[in-house]
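A.B. asks: Below is the structure, and that's it, no one-letter string:
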């Protein structure tokens, strides 16, 4: 059934048409019946483009110019700039990467600790960690845009920044589309749309190819080890679970309520994973010898351990998207009996 002629149109056709305000309300308004993720993603970018081009959504039918940039962040907040941001403060490592991918690296005036990619980010001043940054140091950098990670638990400090008249954009993408959307919105806010990393357009296609490639492989049960003492894993809300699905694998602890829960060795033994995956530490494989005594676990018995670059696979970035096919290939090697 067609609603106002809007829901039957292909997404690729949208930038070739000018929907009426009524059609946009049907598709985009927060309380509208249609709330599919792909429509929300389209609406955010369409409205941002309309406003960034100098037309106010509320006034565009009268032809009144309104020179502002408006996007909706990952908390559903309107983020408005009168002009492109010139001085941007990044408050998470993944945000720093995404700003560079958005072509806005030369606009970044400050970062937080561990913002180490791309290499140019190492030369930028740090205002502290993503969980506790120095507000005086942040204000001293005179940013006109702060891009923050809402899970950092710095809510009150961020409110103080806003009270100082500094615009804050919250970045916490939860889907592959969301990562791409974040990068494109950062480019809009910085006025660097023409400088976005061209690999962004290829990323989702490569993920789709990987999903198709591994769709018919036997599904592997995975224990994803974040830490060894105590044993900590990830639940189904984390990006890793979505990536494992692309690779034809399943997170054994996806149903736990905490995003990074502590689990017992007994629980892992009972779950009996086919593969154990963990991250490199400073580029080196961590000591996994404590697993040797648990030979009743299939992954241990068959030596199916996979080691990944945590900085790549745990940050919501273009690097992560591009790294998914290679990660899937590592899992497939384990599927075939070799540890990698």
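C.D. replies: It's in. Keep in mind it's a predicted model, so treat the numbers as computed, not measured.
A.B. asks: Point out where this protein drops to low pLDDT.
C.D. replies: For the chain, the stretches with pLDDT under 70 are 1-67, 151-155, 338-340.
A.B. asks: Now do the strands in it.
C.D. replies: Assigned by DSSP state E, the strands in the chain fall at 69-72, 78-81, 88-90, 108-110, 145-148, 167-170, 220-225, 249-251, 275-279, 305-308.
A.B. asks: and those strands, which is most packed in?
C.D. replies: strand 88-90 (a mean of 30; mean count of other Cβ atoms under 10 Å). Backbone N, C-alpha and C define where each C-beta goes, glycine included.
A.B. asks: possible to save the strands of the chain as CSV with distance to residue 97?
C.D. replies: Shown next, in CSV, are the strands of the chain (distance: least, Cβ to Cβ, whole Å):
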stretch, distance to residue 97
strand 69-72, 19
strand 78-81, 20
strand 88-90, 9
strand 108-110, 11
strand 145-148, 11
strand 167-170, 15
strand 220-225, 22
strand 249-251, 24
strand 275-279, 17
strand 305-308, 17
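A.B. asks: Compare these and give me the one nearest residue 177.
C.D. replies: The closest of the strands of the chain to residue 177 is strand 69-72. By Cβ to Cβ, the value is 14.3 Å.
A.B. asks: partners of the closest one in the sheet?
C.D. replies: Using DSSP bridges, the strands paired with strand 69-72 are strand 78-81 (antiparallel).
A.B. asks: What lies in contact with the partner strand?
C.D. replies: 68, 69, 70, 71, 72, 73, 144, 145, 167, 168, 169, 189 (Cβ atoms under 8 Å, 6 or more residues apart in numbering).
A.B. asks: let's see 10 Å
C.D. replies: With contact meaning Cβ atoms under 10 Å, 6 or more residues apart in numbering, strand 78-81 is reached by 47-48, 51-52, 68-73, 144-145, 147, 167-170, 185, 188-191.
A.B. asks: Quick check: which of the strands of the chain is nearest to residue 291?
C.D. replies: Across these, closest to residue 291 is strand 275-279 (Cβ to Cβ), at 7.0 Å.
A.B. asks: Partner strands of the closest one and their direction?
C.D. replies: Applying DSSP bridges, one finds strand 275-279 paired with strand 220-225 (parallel), strand 305-308 (parallel).
A.B. asks: Contacts for the last one next, please.
C.D. replies: For strand 305-308, contacts defined as Cβ under 10 Å, 6+ apart pick out 220, 222, 224-225, 240, 243, 249, 275-281, 284-286, 288, 291, 299, 314, 323, 326-327, 330-334, 338-340.
A.B. asks: re earlier: looking at the strands paired with strand 275-279, spot the one closest to residue 100.
C.D. replies: Among these, the nearest to residue 100 by Cβ to Cβ is strand 305-308 (21.8 Å).
A.B. asks: Quick one: distance of that closest one to the chain centre.
C.D. replies: Centre-to-centre, strand 305-308 and its host chain are 22 Å apart (Cα atoms, centre = their mean, to the nearest Å).
A.B. asks: before we move on, what about stretch 274-289?
C.D. replies: Centroid separation for stretch 274-289 versus its chain: 23 Å, with Cα atoms, centre = their mean.
A.B. asks: and if you look at stretch 74-89?
C.D. replies: 18 Å.
A.B. asks: same question, stretch 68-76
C.D. replies: With Cα atoms, centre = their mean, you get 16 Å for stretch 68-76.
A.B. asks: ends of it, how far apart?
C.D. replies: 18 Å (Cα to Cα, to the nearest Å).
A.B. asks: now do stretch 218-237
C.D. replies: Using Cα to Cα, the two ends of stretch 218-237 sit 23 Å apart.
A.B. asks: try stretch 150-158
C.D. replies: 9 Å.
A.B. asks: What of stretch 312-321?
C.D. replies: 9 Å.
A.B. asks: go on, stretch 145-163?
C.D. replies: Stretch 145-163: ends 13 Å apart by Cα to Cα.
A.B. asks: Assess the claim that residue 87 and residue 140 are in contact.
C.D. replies: No - Residue 87 lies out of contact with residue 140 (Cβ atoms under 10 Å); the separation is 11.4 Å.
A.B. asks: Domain map for this structure?
C.D. replies: 1-67, 82-197, 200-335 (automatic domain parsing).
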